[in-house]
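J.: only geometry, no sequence info:
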């Protein structure tokens with residue numbers, strides 16, 4: 001099984017840095033690929049006004065419904081199921097297009113729009129982005145970028161009930177998450193990341209507990225397990241090949257590590273998950 005990746009260069013997208021369209025039209029343009037596991041090399045903000053269905057993101061299923069927003073970064077594998085009467089807007093953009101990506105460094109997040117000032121502001125910003133996207137004025141792209149950054153800041157508020165007034169600490173934490181995403185196969189020790197960030201292990205532990213409720217070691221381990229699950233589920237690599245990709249010295253240690261964190265062997269996990277995937281037909 002080869003996992004397809006949708007990129008800016010795909011013919012049905014035909015955009016470079018930003019595209020805004022109805023969810024219905026994107027599903028029609030994309031075809032069958034949206035109903036099979038795939039990745040994309042851009043960020044997505046789905047705003048569902050109505051309809052029903054399921055969006056599978058990595059190893060979790062999220063119900064689609066009215067006034068729901070689902071944001072997905074470049075990393076997760078995702079696909080749709082049982083879509084019915086879906087209406088809404090999808091904003092697709094590259095990492096280079098915006099500055100406020102801290103919330104989207106998370107693999108994905110979901111929020112329900114409330115019937116209050118906050119929810120009204122979110123909807124207004126989405127409408128403004130869509131309206132400006134259709135505008136041909138020379139300054140339109142700058143205005144779109146402005147509104148999109150504002151939207152991300154509003155969405156960020158919904159995800160961070162903790163105090164983020166200390167922006168230096170807040171950015172250090174997300175820099176750590178970035179480094180883990182990029183280097184988890186080569187760097188598995190907390191000290192490796194402390195060296196990259198030029199901070200003490202004690203400070204990194206404090207930051208991780210404050211902003212995620214988890215220790216640095218737990219965050220590193222969860223990222224390794226997530227990648228192992230992806231490789232087991234969406235590829236036909238053997239245990240020794242996966243072990244090598246994840247930076248383990250031998251596959252027996254990888255199997256022990258995986259079983260410790262999932263309570264099942266890699267083979268059992270692979271069999272159970274692949275049997276639940278949509279048919280290739």
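T.: Yes, it's here. As the structure is a prediction and not an experimental result, all values here were calculated from the model. Residues are numbered from 1 along each chain as shown.
J.: for stretch 141-150, which positions count as buried?
T.: 143, 144, 145, 147, 148, 149, 150 (16 or more other Cβ atoms under 10 Å). C-beta: built from backbone N, CA, C; applies to glycine.
J.: between these, which is nearest residue 107?
T.: Of all these, the one with the least separation from residue 107 (Cβ to Cβ) is residue 148, at 19.6 Å.
J.: I'd like to know which elements the helix or strand that contains that closest one is packed against.
T.: Assigned by DSSP states H and E, residue 148 belongs to helix 140-159. Helix 140-159 is packed against strand 18-22, strand 78-93, strand 108-112, helix 117-133, with contacts defined by 3 or more Cβ pairs under 8 Å, 6 or more residues apart in numbering; DSSP states H and E.
J.: sorry, back to before: nearest to residue 92 among the buried residues of stretch 141-150?
T.: Nearest member of those to residue 92, counting by Cβ to Cβ, is residue 148, at 10.9 Å.
J.: How about the contacts made by the closest one?
T.: When contacts are counted by Cβ atoms under 8 Å, 6 or more residues apart in numbering, residue 148 touches 18, 91, 93, 97, 98, 129.
J.: Not counting its neighbours along the chain, what's nearest the fourth one?
T.: What that stands for is residue 97. Nearest non-adjacent residue to residue 97, counting by Cβ to Cβ, 6 or more residues apart in numbering: residue 17, 4.5 Å away.
J.: Run a quick neighbour tally on the one you found.
T.: 16 (other Cβ atoms under 10 Å).
J.: who's in contact with it?
T.: 8, 93, 94, 96, 97.
J.: Ranking by neighbours, what's the top pick from these?
T.: Going by other Cβ under 10 Å, residue 93 tops the contacts of residue 17 with 25 neighbours.
J.: pretty sure it contacts residue 18?
T.: Yes: Residue 93 lies in contact with residue 18 (Cβ atoms under 8 Å); the separation is 4.6 Å.
J.: in which helix or strand would I find residue 186?
T.: Going by DSSP H and E, residue 186 is not in any helix or strand.
J.: The closest residue in space to it that isn't next to it in sequence: neighbour count?
T.: With sequence-adjacent residues excluded and distances taken as Cβ to Cβ, 6+ apart, residue 186 is closest to residue 247, at 5.7 Å. Using other Cβ under 10 Å, residue 247 has 14 neighbouring residues.
J.: Check residue 210 too.
T.: Residue 210, neighbours per other Cβ under 10 Å, totals 15.
J.: what's near enough to touch the spatially most central residue of the chain?
T.: The structure's the chain has its C-alpha centroid closest to residue 107; by Cα atoms, centre = their mean the separation is 2.7 Å. Residues near residue 107 by Cβ under 8 Å, 6+ apart: 57, 58, 72, 73, 75, 76, 226.
J.: Nothing else from me, thank you.
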